[in-house]
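Colleague: build me a model:
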Amino acid sequence: MEGPDSLSLNFLPENILMDILSYLGVRDLLRISRVCKKWRRIVHDKKLWVHVDLSGYSMVSSRVLWLLLRRYLGNGLLSLSLRGQLGSLRKQGLLSPALLRALSQRCPQLGLLSLTQEDLKGLGSHHQLPASLRTLELCRCEVPPLFFRAAPQGSVRTGLETLVLRSVPSFCDSHLKSLASQVSLKTLVLSGTYRVTDRGIRDSAESLAQLSRLELHGCGISETVLHLAGCRMRKLRALQLSGLPSLTGSGLACISQLPQLETLSLERCRGNGEGEGPLNPEVIVAACRPLPALRTLRLSQSDFGGPEAIGKVREGLPGCLVTSAPCPSPLVLTPWGTSR
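Modeller: You can find the predicted model right below:
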């Protein structure tokens, strides 16, 4: 009988071994594929290449991506996360039209593409992305002016349903209007896109009528977006806004027209600067009470009167989970800089 020292991973059934290897990153998978023929065969199994995250690797080149595409990525790939080299000395983008065509052919089920620090100027438009995409996430990317222009006649239209943009300053009102007129978005998340204004939301509101989730953080918007949401986006189930320069009772009352709203988050939304100041609990309760589906309400203490005011909101909305972000501690000047 073999002793315990002779036991190894090779004694495990392949399905269990594959479950263990599924927790490894791409670099580790490629390394262990050189251990033996058995492990190499297992690493080539498409079940290990369903959700591929390369965003943690800063030196992935187009050549490496081509290699992965030819040897490992295939029909089973559902999501792909990549990090480009925007801001580095290398001017060439990670993605090219040829690579995207190959990705579309070899990975027909790819539904989510997440890009970080990628320069998209080398692509003609978003229509060169795989038509199977349902979710597109861009973080700190460069988007050219005509990237979201309408598709040429006869081309395959994308079925994009979710758009998430974080710190993409080049994205503006015209981008939003053009894209919204072509696809039926269900989720729209814009964070740090300060060129998106009330005008862009107003021009796109009719095309965004199918939205079920809307998040706007650090955009150039005002409480007008609440009026537009109440009038045009009646299917919203989640609404998260932060950084509004002013929020009044009349603006907040517009959300009462959203019968399906389940989650509402308002953070860093100050008074209107004309003496109204923070909204009182009675106004918040009056605006939220008509919402039959509301289950979660998140408010920031510094904007809505502190812990006591939040407590009154909880009392007025007993069927709703009311949470709050604490007031930030004041900055303290020290010899080593500032601290909280």
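
Colleague: low pLDDT regions in this protein?
Modeller: Scanning the chain with the threshold set as pLDDT under 70 gives 1-11, 89-92, 152-157, 270-278, 325-340.

Colleague: name the residue closest to the centre of it, please.
Modeller: The centroid of the chain falls nearest to Val164 when counting by C-alpha atoms, centre = their mean (3.6 Å).

Colleague: and the host helix or strand of that residue, how far out from the chain middle?
Modeller: Here Val164, judged by DSSP states H and E, is contained in strand 162-166. Strand 162-166 sits 4 Å away from the centroid of its parent chain (C-alpha atoms, centre = their mean, to the nearest Å).

Colleague: who are the packing partners of that strand?
Modeller: Other helices and strands packing on strand 162-166, by 3 or more C-beta pairs under 8 Å, 6 or more residues apart in numbering; DSSP states H and E, are strand 135-139, strand 187-191. Where C-beta positions appear, they are placed from N, C-alpha and C, glycine not excepted.

Colleague: what packs against the last one?
Modeller: Applying 3+ C-beta pairs under 8 Å, 6+ apart, one finds that strand 187-191 contacts strand 162-166, strand 213-217.

Colleague: relative to strand 162-166, how tilted is that strand?
Modeller: If you take axes from the mean of the first three to the mean of the last three C-alpha atoms, to 10 degrees, strand 187-191 sits at 10 degrees to strand 162-166.

Colleague: what's the first-to-last distance across stretch 295-309?
Modeller: 19 Å (C-alpha to C-alpha, to the nearest Å).

Colleague: how close does Cys320 sit to Leu73?
Modeller: 44 Å (C-beta to C-beta, to the nearest Å).

Colleague: repeat for Gly56
Modeller: Applying C-beta to C-beta, the value for Gly56 to Leu73 is 17 Å.

Colleague: neighbour-wise, which of these two wins?
Modeller: Taking other C-beta atoms under 10 Å, Gly56 and Leu73 do not tie; Leu73 has more neighbours (20 against 12).

Colleague: all strands for this structure, in order.
Modeller: Assigned strands in the chain, in chain order: 51-53, 79-83, 112-116, 135-139, 162-166, 187-191, 213-217, 238-242, 263-267, 296-300, 321-325, 332-334, 337-339 (criterion: DSSP state E).

Colleague: of these, which is nearest Arg40?
Modeller: Nearest to Arg40, of all the strands of the chain, is strand 51-53, at 18.0 Å by C-beta to C-beta.

Colleague: can you give the distance from that closest one to the centre of its chain?
Modeller: How far strand 51-53 lies from its chain's middle: 16 Å, per C-alpha atoms, centre = their mean.

Colleague: same thing with stretch 116-130?
Modeller: 17 Å.

Colleague: can you give me the buried ones in it?
Modeller: 116-120, 123, 125-130 (16 or more other C-beta atoms under 10 Å).

Colleague: next, count neighbours for Ser191.
Modeller: That count, for Ser191 with other C-beta under 10 Å as the rule, works out to 18.

Colleague: enumerate every residue touching the residue nearest to it when sequence neighbours are not counted.
Modeller: Leaving aside its sequence neighbours, Ser191 sits nearest to His217 (C-beta to C-beta, 6 or more residues apart in numbering; 4.1 Å). Counting by C-beta atoms under 8 Å, 6 or more residues apart in numbering, His217 touches 190-192, 240-243.

Colleague: now distance to Ile42 too, for the helices and strands packed on strand 187-191, in TSV please.
Modeller: Listed next are these as TSV, based on distance: least, C-beta to C-beta, whole Å:
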stretch	distance to Ile42
strand 162-166	33
strand 213-217	38
